[in-house]
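J.: Structure for the following, please:
(chains A and B)
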There are 2 protein chains.
Amino acid sequence: MSARARPSIHAVVLAGGAGTRFWPLSRRARPKPLLRVGSGSTLLGATFDRARRFADEDRLWLVCGAEHSRAVRKESGLRPARVLVEPQMRNTAAAVTLAAARILREDPDGVMAILPADHIVPDTRAFATAIRRGAAAAEATRGLVTLGVRPTRAETGYGYIRLGKPLGSAHPGLHHVTRFVEKPDRARARRYWRSGRYLWNAGVFVWRADVILEEALAHAPEVASELAQLRGVPRPRLSAAIERAYDRIASLPIDQAVLERSDRVRCLPVDFHWSDVGSWGSLAEEVGVTANVTKIIEGEAWLRDARGNLVYGGDRPVALVGVSGLAVVDAGDALLIADLEHSSEVREVVAALTKKGRGELL
Amino acid sequence: MSARARPSIHAVVLAGGAGTRFWPLSRRARPKPLLRVGSGSTLLGATFDRARRFADEDRLWLVCGAEHSRAVRKESGLRPARVLVEPQMRNTAAAVTLAAARILREDPDGVMAILPADHIVPDTRAFATAIRRGAAAAEATRGLVTLGVRPTRAETGYGYIRLGKPLGSAHPGLHHVTRFVEKPDRARARRYWRSGRYLWNAGVFVWRADVILEEALAHAPEVASELAQLRGVPRPRLSAAIERAYDRIASLPIDQAVLERSDRVRCLPVDFHWSDVGSWGSLAEEVGVTANVTKIIEGEAWLRDARGNLVYGGDRPVALVGVSGLAVVDAGDALLIADLEHSSEVREVVAALTKKGRGELL
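T.: From the prediction side, this is the model:
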């Protein structure tokens, strides 16, 4: 088989959504995918680094909201034709269907991998291998392939996939899916973890564009029927057509709209390290903060007897004296000092600011 | 006795010195006496509030360094003639002797009370009563009266006065002083506290201006002989004369230069609450921070599950999430996050900044 006979996969990076869990850095003007996580790289940039391992440059796609399209596109390095701008936030079912319709215009046999733009997967090689295996399985079975990450702890912050039977020796590793489950409570998370039959739903999917569109039309016409028509709209009229469609379609996650309803869902278990980086606390872990190590991602910090902190400084230096386990974030117009173990409560601060009409800080 | 026969006391507020313990708020440009400690009031302002309880407006004096004279004078509300500007920092022996020489020019029988500008004494009435009793004793005995604060704990951060015998019924409460001792180690501090014979040296003194000048000339001529001559210098030439004198005199604390050498020292024990506010930690205690209570002295703070913190915000809001026992200080061009129990280590940060030539932050 030549490279031509087996074209590369389309990588669809989803950078919609705002996210307030990384307030005051992630906010309306600077969404979570633009969060810097190390030496110069953002979550979005790292996602494209992963995508470029399995997708050619002209098969990279970005779906993002109108509000951040400039900043997000700049960070992606893509040319405008590869960026699908959503006029309104309509959750992942719309984003995926939009991308499928767009890809089908130029590649009727296209296989697409869906990559959330705000996750961390350090092992890009293992990730690319899994996507390629997923793509082969998606082609061979015309299935909807979801990557399932083997849990390393009884996490309550993720959704789970319950593994069904293996598909058999023709499709090594591939499993049926019994069901998708939402974030469990602590006791159930512990049972899931012990059982070995539940994997984390990483929101990473691989499928043929025509198959996902077909399934979306079958199970979520309230999202897909408008968007499917975009296949026939000529380029100059496309963005107006998207705008009209988004005015009318439903807002649903792809899991709920299609995957939980389709019988073509398959799971490919993987065991690379993956995180959806849901809080300053989990980000700290990902960037290497430990009980003894403070990480300064941005800005200038002076440490004295300070351990295990995560620092996003601003234009002014910050001194940490005798403190540990903190997120210290200087966004210029707002500061956050949060215990890393309680950092998910940042959302309550955002809620309070919203309630008090402090939109300039959101 | 009419009010005329018993004139009020001269209050001499010492606001020299820079102090780095409250970095990044107290620094070269904004010394510790200008630190805000509550509803609008600074340490210096509160000191003058105390002084005005026992001294008439034309008997209030301020001794301060040239660097902060504008800001400090403004905060004091005094007219320029009552502000003695030290051209260089020469410690308290010089400041006291300068004030004595100045006061003697217009009040040869003047009694002066020395008040450091950066202490906290909430009970201004008890303080004024003690000063008045001290003044009466200073007049009657021609002694150097030091206020000695009864310890409430085995403090290692203060100097101590060892009480000698009482002077007797003619001078109720007044004691001889056996000796002055520098900051003790923990074991000695504990012995001092248990013994009941050691009082904290609050740096608050009362004496006749002519007596302190006499004693300074006798025991510290390296400080006093130049300054004593200022008595005869006409007003227009005074500041140039001070400048010349300060070029030549020694830099010594009054305790060491005079009190430890004189046999005219007396102690008046007092038991009001007093603190020299030596760190963010002790400041937090003074302004009412407890395990459960966060105090926001300046700026805007959003709290979520945050207890026992001290906040000096700046122009931007600060959010505290799940943190306790912190000093959070936003000085605009520098931030400090310090554990209140380790806040004396702020000095090491200042030392490090100095070493690295970051003068703009000092």
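J.: and chain A, which residues reach chain B?
T.: Proximity of chain A to chain B, by C-beta under 8 Å from any C-beta of the partner chain, involves residues A:23-24, A:302, A:304-305, A:316-323, A:326, A:328, A:330, A:332-339, A:341-343, A:345-346, A:348-349, A:352-353, A:358, A:361. (Each C-beta comes from the backbone N, C-alpha and C, glycine too.)
J.: Take those and keep only those in helices.
T.: If you go by DSSP state H, the residues of chain A next to chain B have A:346, A:348-349, A:352-353 in helices.
J.: quick one: A:Lys183 from chain B, how far?
T.: A:Lys183 sits 21 Å away from chain B, taking C-beta to the nearest C-beta, to the nearest Å as the criterion.
J.: That residue: neighbour count?
T.: For A:Lys183, the neighbour count with other C-beta atoms under 10 Å in any protein chain shown is 13.
J.: Thought A:Gly159 was touching it, still the case?
T.: Yes: contact criterion C-beta atoms under 8 Å: A:Lys183 and A:Gly159 qualify, at 5.9 Å.
J.: coming back round to it: got the ones in helices among the residues of chain A next to chain B as CSV, with neighbour count columns?
T.: Below are those laid out as CSV (neighbours: other C-beta atoms under 10 Å in any protein chain shown):
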residue, neighbour count
A:Val346, 26
A:Glu348, 14
A:Val349, 23
A:Ala352, 14
A:Leu353, 21
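J.: between those residues, which is nearest A:Val270?
T.: Nearest to A:Val270 among those: A:Val346, at 30.0 Å, using C-beta to C-beta.
J.: ok, now how distant is the closest one from B:Gly314?
T.: According to C-beta to C-beta, to the nearest Å, A:Val346 stands 20 Å off from B:Gly314.
J.: do you know how far A:Val12 is from chain B?
T.: Distance of A:Val12 to chain B, given as C-beta to the nearest C-beta: 35 Å.
J.: residues contacting A:Lys295?
T.: A:284, A:287-289, A:309-311 (C-beta atoms under 8 Å, 6 or more residues apart in numbering or on different chains).
J.: out of the residues you listed, which are inside helices?
T.: A:Ala284.
J.: longest helix anywhere in chain A?
T.: Of all segments of type helix in chain A, defined using DSSP H, the longest is helix A:124-141.
J.: Quick check: phi and psi on A:Phe22?
T.: Per-residue torsions, A:Phe22: phi -110, psi 30 (degrees, to the nearest 10).
J.: How many residues are close by it?
T.: Look at A:Phe22: counted by other C-beta under 10 Å, it has 27 neighbours.
J.: Run a quick check on it versus A:Leu34, I expect a contact.
T.: No: using C-beta under 8 Å, A:Phe22 is not in contact with A:Leu34; the gap is 9.9 Å.
J.: Could you single out the nearest of the ones in helices among the residues of chain A next to chain B to A:Pro87?
T.: Of these, the one sitting nearest to A:Pro87 (C-beta to C-beta) turns out to be A:Leu353, at 26.2 Å.
J.: Report the separation between that closest one and A:Arg231.
T.: 42 Å.
J.: Ok, A:Trp274 next?
T.: Going from A:Trp274 to A:Arg231 by C-beta to C-beta gives 33 Å.
J.: who has more neighbours, these two?
T.: Taking other C-beta under 10 Å, A:Trp274 and A:Arg231 do not tie; A:Trp274 has more neighbours (23 against 15).
J.: what's the nearest residue to A:Ala51 if we skip its chain neighbours?
T.: Using C-beta to C-beta, 6 or more residues apart in numbering or on different chains and skipping the chain neighbours, the partner closest in space to A:Ala51 is A:Ala11 (3.6 Å).
J.: where does that neighbour fall, phi/psi-wise?
T.: Here is the backbone geometry of A:Ala11 (degrees, to the nearest 10): phi -100, psi 120.
J.: Give the burial count for it, as a bare number.
T.: Number of residues near A:Ala11 (other C-beta under 10 Å) recorded here: 24.
J.: That one bridge partners, please.
T.: Counting by DSSP bridges, A:Ala11 forms beta bridges with A:Leu60, A:Ala113.
J.: thought it was touching A:Pro116?
T.: No: at 11.7 Å, A:Ala11 does not count as touching A:Pro116 under the criterion of C-beta under 8 Å.
J.: The stretch 51-200 of chain A: strands as residue ranges?
T.: Applying DSSP state E, counting those that start in this stretch to the stretch 51-200 of chain A gives strands spanning A:60-65, A:83-86, A:111-116, A:144-149, A:160-166, A:175-181, A:198-208.
J.: Which one of these lies nearest to B:Pro166?
T.: Comparison of the strands of the stretch 51-200 of chain A against B:Pro166 by C-beta to C-beta identifies strand A:198-208 as nearest, at 78.9 Å.
J.: Thank you kindly, that will do.
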